[in-house]
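Student: Predicted model, plus sequence, below.
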Amino acid sequence: MIFFAAEMALFITSLNSGSNGNCYYVANDTEAVLVDAGISCRETEKRMRLLGLSMDKVKAIFISHEHTDHIKGVESIAEKYALPVYITNATAQRGRLHFKKELLHFFAAYDPVNIGKLTVTAFPKFHDAIDPHSFIITGNGVTIGVFTDIGTNCQHVTKHFGLCHAAFLEANYDEVMLEQGRYPLFLKNRIRGGEGHLSNLQALEIFVQHRPFFMTHLLLAHLSKDNNDPEKVKELFTKKADGIEVIVASRYEQTPLIMITANASQKSQLSQAVIARKPEQLSLF
């Protein structure tokens, strides 16, 4: 029965989420993709092992934009495992990324890429990068969205969010904490200026107004270390969740591995035992 369920599901986890590195895992029962690779190869491998996952299952890496917290580990991971890297030409050039020719693949917005039985579709977003994109990943009748580093809501975001059974959604900052915090004014304006990050309330509006009836899980992503409070933001979203499970993706450890099915009545959270031990903080942070 477990194997039957696995064949009708996708599996997701955040391996790390925040300005210190972003890496999101989406898989079916036979293959997986990484969206962004912003932590080291060694740390990526370690966190996957703690979840009982193997890099042998990963078949491709998709890069959203060139900021360091999204590309730090991509060259080493791709080279070690001979993984194709899907990226735009502009992002690869601006990020000064170099891959073997056979590993480099360019994607275009709204042009689906098939990785085995997974389909990954990119779409543009507002962010202060050269050619930034978000992604949805579909398979087994399930759609997963990765919506981070978004300066403002737009039709691209709301359209794709409304397709998702589960989503990683940026809730980067609390407006009051940012305003009263220690950041210089130019940085505050960059964060909230329309090409930076989503605030808690901006993300909440997307969640409340545009989620589909079949959504089962929301993973709050890319929280600011200085300008947000994980407990506060989880409480904010849970009050409006109407049965959807809300999880805060950590900047220090992986989330549990979650099974997402197309049937909204079926929910299963996996690997509680293997993630019980919190990984020690390394010099990476």
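Tutor: In hand now; what should we look at?
Student: Now do the buried residues in stretch 133-148.
Tutor: By neighbour count on 16 or more other C-beta atoms under 10 Å, the buried set for stretch 133-148 is 133-140, 142-148. No exception for glycine: its C-beta is placed from N, CA and C like everyone else's.
Student: List just the nearest of the residues you listed to Glu205.
Tutor: Relative to Glu205, the closest of these is Phe147; by C-beta to C-beta it sits at 12.9 Å.
Student: Phi and psi next, for the closest one.
Tutor: The phi/psi pair for Phe147 (degrees, to the nearest 10) reads phi -120, psi 80.
Student: That one pairs with what?
Tutor: According to DSSP bridges, the partner residues bridging Phe147 are Leu169.
Student: Helices of the stretch 1-150 of the chain, start to end?
Tutor: For the stretch 1-150 of the chain, the helices defined by DSSP state H, counting those that start in this stretch occupy 2-6, 41-50, 68-71, 74-81, 89-94.
Student: Can I get the third one in CSV, CA atoms only?
Tutor: To tie it back to what came earlier, the one meant is helix 68-71. Extracted in CSV, the C-alpha atoms of helix 68-71 (Å, rounded to 0.1, in the frame of the first residue of the first chain):
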residue,chain,number,x,y,z
THR,A,68,25.1,33.5,-4.2
ASP,A,69,22.6,32.0,-1.8
HIS,A,70,21.1,30.1,-4.7
ILE,A,71,24.2,29.0,-6.6
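Student: mind checking how far Lys240 is from Leu185?
Tutor: Distance, Lys240 to Leu185, using C-beta to C-beta, to the nearest Å: 31 Å.
Student: of the two, who's got more company?
Tutor: The neighbour comparison of Lys240 against Leu185 (other C-beta atoms under 10 Å) goes to Lys240, with 13 against 7.
Student: so which helix or strand takes in Asn189?
Tutor: Asn189 is located in helix 185-192, with elements delineated by DSSP states H and E.
Student: Other residues contacting the next helix or strand after that helix?
Tutor: Next along the chain after helix 185-192, taking DSSP H and E as the criterion, comes helix 200-210. Helix 200-210 has contacts (C-beta atoms under 8 Å, 6 or more residues apart in numbering) with 147, 152-153, 157-158, 161-162, 169-175, 198, 218, 220, 228, 233, 236-237, 240.
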